[in-house]
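In: please work out how this folds:
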Amino acid sequence: MDRLSILGLLLAFSGIIGGSLLEGGSVIVLLQGASLLIVLGGTLGAVMLQSPAKIFGKGFKMARWAFATPHLSQQKLIYQLSAWNNIVRRNGVLQLEDQIDEMSDPFIRKGLQLLVDNIPAEKIRNVLEIDLKTYEQHHFQSARIWESAAGYSPTIGIMGAVLGLVHVMQSLNEPSKLGAGIAIAFISTLYGVGLANLVFLPIAGKLKNIILQQVNLKEMYIDGVVMIANGENSLYLENKLQGYLC
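Out: Purely as a prediction, here's the structure:
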């Protein structure tokens, strides 16, 4: 669980609600189900219309990464690659065959399988780099649905405000209701801008950072596998891969 993300979200909403209360506002006024439905429903529909189903589904599932960041251990992978290199140098590449089924990551399994099949180092690099490029493109496209949501939600919020004002105009014969009606109408704009800047954009930014870390890890793995295929010294392998640590 990413405590910083949760703390940041709580702090952002607490600051806005607290500021509203200090100005004499009411929490009840801020809680408008119709406004929230307009903003969330309109934004979701627009993003669904824009995105292919596979990209939309992946991006929606990836949102949990902002609060439960996948564990990435670069140092552990360096030790693993060094251990594999020692096995290959002592006993030959076929000794890694038993390791393949133990790996849960398809990318790592593929690299090991290429090693065991005695594929030349440069061909291993070419195959894995194509996989990495596809992975990077697909995940960045998925993360961008949250940027799209941040672009649509303020406009949808304005539409909600206009709808609210239309209802207010229908009550001009009751002046006592005008003030409260106008305030409620603009809650839609608040929801649209607030969700864009406090939820959607931060999630998109967090996802991009995580994807970059994953890409860096995979690039490190490619270099490690290629060095194993080339029969490099384990100490050299470790020292080179240490440069990927951040």
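In: going by C-alpha atoms from here, please, whenever you check contacts or count neighbours.
Out: Fine.
In: so how far is Leu94 from the nearest residue to Asp131 once chain neighbours are set aside?
Out: Excluding its sequence neighbours, the residue lying closest to Asp131 (Cα to Cα, 6 or more residues apart in numbering) is Phe107, at 7.8 Å. Distance, Phe107 to Leu94, by Cα to Cα, to the nearest Å: 19 Å.
In: so what's Thr81 up against?
Out: Quick fix: residue 81 reads Leu, not Thr. 221, 224-225, 228 (Cα atoms under 8 Å, 6 or more residues apart in numbering).
In: could these go into a markdown table alongside secondary structure, distance to Ser188 and neighbour count?
Out: Converted to a markdown table, the contacts of Leu81 look like this (DSSP: H, G, I helix; E, B strand; the rest coil; distance: Cα to Cα, whole Å; neighbours: other Cα atoms under 10 Å):
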| residue | secondary structure | distance to Ser188 | neighbour count |
| --- | --- | --- | --- |
| Tyr221 | helix | 48 | 22 |
| Gly224 | helix | 52 | 26 |
| Val225 | helix | 53 | 25 |
| Ile228 | helix | 58 | 24 |
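In: so where's the chain shaky on pLDDT?
Out: 25-26, 171-172, 174-181, 183-184, 246 (pLDDT under 70).
In: and the helices in it?
Out: Applying DSSP state H to the chain gives helices spanning 3-22, 27-30, 33-50, 53-62, 74-91, 97-100, 106-116, 121-169, 178-195, 201-229, 234-241.
In: how many residues are close by Ala66?
Out: 22 (other Cα atoms under 10 Å).
In: what's the neighbour count on Ile145?
Out: The tally of other residues near Ile145 (other Cα under 10 Å) stands at 25.
In: now swap in the one 3 residues further on and tell me
Out: Each residue near Ser148 was counted by other Cα under 10 Å, and the total is 20.
In: likewise for Ser234?
Out: 20.
In: identify the residues contacting it.
Out: Residues in contact with Ser234 (Cα under 8 Å, 6+ apart) are 82, 85-86.
In: returning to that earlier point: mind putting the helices of the chain in TSV, distance to Ala68 included?
Out: Formatted as TSV, these follow (distance: least, Cα to Cα, whole Å):
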stretch	distance to Ala68
helix 3-22	9
helix 27-30	29
helix 33-50	23
helix 53-62	10
helix 74-91	18
helix 97-100	27
helix 106-116	21
helix 121-169	15
helix 178-195	20
helix 201-229	11
helix 234-241	27
